[in-house]
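J.: take this sequence and fold it.
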Amino acid sequence: MKFKILILGLAVLSFTGCKKILEPEPENLKTIDQMYTDANFAQGFLINAYRTIPAYYDNSEYATDDAVTNQLTNGYLQAAAGSWTSTNNPASVWNQSYEAMQYINLFLENSPKVKWATDAESSRLFNLRMRGEAFGLRGLYLYFLLRNHGGIATNGQLMGVPIVTAYQTPKTDFNVPRATFDACIKQIYKDLDSAEAYLPVEYNDISTASQIPDRFKAFTGNVETYNRVMGQYARQLFNGLIARSFRARAALLAASPAFQNSANTTTWADAAEYAGRVIDYKGGANALPANGGTYYANNSEVDGLGGGSNPSEIIWRENIITNDGTQEGQHFPPSLFGNGLMNPTQNLVESFAMANGYPINHPNANFNANAPYASRDPRFAKYIIFDGATAGVTNAVIRTGSASGTDNGINVRATSTRTGYYMKKRLRMDVNRNPISLSGKTHYNPRIRYTEIYLDYAEAANEAWGPTATGTRTYSAYDVIKAIRKRAFGFNNDPYLEECKADVAKMRELIRNERRLELSFEGFRFWDLRRWKADLSKLNETARGLDVNSGVYKPFNAETRAFQQYMIYGPIPNSEVLKYNQLLQNQGWK
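T.: Numbers count the residues shown, from 1 in each chain. Prediction:
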């Protein structure tokens, strides 16, 4: 960042020195002062921060026990194979986050001087909203920095990252130490507090002045003015509900085993409390959206989105993309003209229970090794393409065995599966990738789903109070998991859940498995294993496949892992540590 600021300064000086030769037209260069009279230019600094939000689908599953990829140059595959270093880190969000914070801090220091609208009421309200967005985005970026780079430093202390709350200039001292993990969490909370204070919970139009939230009545009593700034036109911008959700995310991270430390004040009860606020807003444990588990394939719902509205499962999403088949092109099997990038593992397949709710290794499961895909958890067939499953616009049968005689068979070609499975989740089966009849469909990528927050609550509440205690809420971890499993299996009687509810450890195992399934292929497993402080045998669990040919099921090892125990925490970029001697690396990283 310092380098980029210096380069910018040198460029300005060089243009000054060559003024007679290279002087540009005045309107081609904008100064900070021009922010004050050009609202679009000023808002652009905030828009830049939106553009680099870390992707929800980061495909980090390639480095877990859930999946491998046939894209052998993928950074996560290489990291899992032993190439993860502080100079080669596919999980780094360091540069993009601090660059975004530069835009945010510059915006915050100057936004009160901007003429946001011709009338004073609208201008004040626009400034309030955009400052709320900026604070929320700064908290968001600090959360991702903390998740990806926080850890036990070489001084033996639990550390976060440098906290930057002011715009940095070439005169700024960049050689600053990392803040403590606890200080980072408190800064995230502080920024999210500001976001909640300045923003509505959601952006919706109102019809009467009495509907204006009390905290905004000092700024306007006009319905038209309120709707112009805080109404539906602002949907998908950062809002109060998103701030609550990121507080829940941050608290869950901080309460987790990898970050439990005498210097960290966040508790499991805190995490449950913050997730509970979001669930209460939704309507409680039984308000879990009925079709939330298939948010990606609820075709009529997705096709009908408009006006910035969200499906009932979604708290925040990216913009809608129409006539699109990008994901399908990446992940469909070869026979459907896809590149088959995401290959689920046998490990993940075995985590899906039987249709009666029992794990496949339970005495009551009735699992048949000679018909391993029969009578399984309904989510299995919705999320994974297995041998004999159908997929695509023609419901084509997909044969994945190495001797199947099709391009879908294991390792037949570069785009074939390496495990005997293809990902089905995230994809629309009505997309056609055939070049002679190519057709796309409407898609969106989530940023936060309600199901995630429900699972956050279940995990934290179980750890804080046990499976059935409600703490400060009217529902327990048991109640939430019951709702999730009822949605998945379709039954009211769940004997395995009843078996688990008397034991914190068994409920913990069940909750973690439900999280694994419900959030599969959505970029959580890699981070969950680390915040749970999984031991090395779990991090390095061999990714397995299953070769199915003519009713013969042959298990095999698809890929080994080469993580070290210190890789519970990600590294600080080596380039930053070399530049700044105050910036300590995490233990184990070179």
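
J.: what distance do you get for the spatially closest residue to Thr165 that is not a sequence neighbour to Glu202?
T.: Among residues not flanking Thr165 along the chain, Asn105 sits closest, at 6.6 Å (C-beta to C-beta, 6 or more residues apart in numbering). C-beta: built from backbone N, CA, C; applies to glycine. Asn105 sits 27 Å away from Glu202 when distances are taken as C-beta to C-beta, to the nearest Å.

J.: show me which of those two is the more surrounded one.
T.: Using other C-beta atoms under 10 Å as the criterion, Asn105 and Glu202 rank with Asn105 on top: 19 against 16.

J.: that one reaches Val164, doesn't it?
T.: Yes: using C-beta atoms under 8 Å, Asn105 is in contact with Val164, at 6.9 Å.

J.: I'd say Tyr57 and Gly523 touch.
T.: Yes: counting by C-beta under 8 Å, Tyr57 touches Gly523, with 5.9 Å between them.

J.: give me the common contacts of the two.
T.: By C-beta atoms under 8 Å, 6 or more residues apart in numbering, Tyr57 and Gly523 have no common neighbours.

J.: which positions in stretch 137-155 come out as buried?
T.: 137-153 (16 or more other C-beta atoms under 10 Å).

J.: ugh, typo on my part, it should be stretch 509-526
T.: In stretch 509-526, counting by 16+ other C-beta under 10 Å, buried: 510-512, 514-522, 524-526.

J.: strands of the stretch 451-590 of the chain, start to end?
T.: Remark: strands assigned in the stretch 451-590 of the chain by DSSP state E, counting those that start in this stretch are 543-549, 552-559.

J.: tabulate those (CSV), appending mean pLDDT, distance to Glu61 and mean neighbour count.
T.: Below are these laid out as CSV (pLDDT from 0 to 100; distance: least, C-beta to C-beta, whole Å; neighbours: other C-beta atoms under 10 Å):
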stretch, mean pLDDT, distance to Glu61, mean neighbour count
strand 543-549, 98, 10, 22
strand 552-559, 98, 12, 15
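
J.: include distance to Asp66 when you put those into JSON lines, please.
T.: Formatted as JSON lines, these follow (distance: least, C-beta to C-beta, whole Å):
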{"stretch": "strand 543-549", "distance to Asp66": "8"}
{"stretch": "strand 552-559", "distance to Asp66": "12"}
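
J.: any idea which of these gets closest to Trp268?
T.: Checking those against Trp268 by C-beta to C-beta gives strand 543-549 as the closest, at 31.1 Å.

J.: residues near the residue lying closest to Asn310 once chain neighbours are set aside, how many?
T.: Leaving aside its chain neighbours, Asn310 sits nearest to Arg317 (6.3 Å; criterion: C-beta to C-beta, 6+ apart). Arg317 has 21 neighbours, counted by other C-beta under 10 Å.

J.: who's in contact with Arg317?
T.: Here Arg317 is in contact with Gln236, Asn310, Tyr444, Asn445, Pro446, Arg447 (C-beta under 8 Å, 6+ apart).

J.: just the pLDDT for the third one.
T.: At Tyr444 the predicted local distance difference test score is 96.

J.: now it: how far from Arg418?
T.: From Tyr444 across to Arg418, the span is 29 Å (C-beta to C-beta).

J.: which element, helix or strand, includes the residue nearest to the spatial centre of the chain?
T.: Among the residues of the chain, the one closest to the centroid is Tyr56, at 3.9 Å (C-alpha atoms, centre = their mean). Counting by DSSP states H and E, no helix or strand carries Tyr56.

J.: ramachandran angles for it?
T.: phi -70, psi -50 (degrees, to the nearest 10).

J.: for Leu252, see how far away it is.
T.: For Tyr56, the distance to Leu252 (C-beta to C-beta) stands at 17 Å.

J.: please apply the same query to Arg508.
T.: With C-beta to C-beta as the criterion, Arg508 and Leu252 are 14 Å apart.

J.: same question for Val302.
T.: With the distance defined as C-beta to C-beta, Val302 ends up 28 Å from Leu252.

J.: same question for Ala134.
T.: Counting by C-beta to C-beta - Ala134 and Leu252 are separated by 24 Å.

J.: now swap in Asn395 and tell me
T.: 39 Å.

J.: between those two, which one's more packed in?
T.: Neighbour count, other C-beta under 10 Å: between Asn395 and Leu252, Leu252 has more, with 25 against 9.

J.: helix or strand right after the helix or strand where the more buried one lies?
T.: Using DSSP H and E, Leu252 falls within helix 240-255. Next helix or strand after helix 240-255 toward the C-terminus (DSSP H and E): helix 268-282.

J.: and the angle from that next one to helix 240-255?
T.: Computed with axes from the mean of the first three to the mean of the last three C-alpha atoms, to 10 degrees, the direction of helix 268-282 lies at 160 degrees from that of helix 240-255.

J.: who are the packing partners of helix 268-282?
T.: Contacts defined by 3 or more C-beta pairs under 8 Å, 6 or more residues apart in numbering; DSSP states H and E place helix 268-282 against helix 240-255, helix 450-465.

J.: export the ones you listed to JSON lines and tack on mean pLDDT?
T.: Converted to JSON lines, the helices and strands packed on helix 268-282 look like this (pLDDT from 0 to 100):
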{"stretch": "helix 240-255", "mean pLDDT": "98"}
{"stretch": "helix 450-465", "mean pLDDT": "98"}
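
J.: of those, which is nearest Met35?
T.: When the helices and strands packed on helix 268-282 are compared by C-beta to C-beta, helix 240-255 sits nearest Met35, at 24.9 Å.

J.: find the nearest non-adjacent residue to Gln482, please.
T.: Careful, residue 482 is Lys; it's not Gln. In space, Lys482 is closest to Leu497, 6.0 Å off (C-beta to C-beta, 6+ apart).
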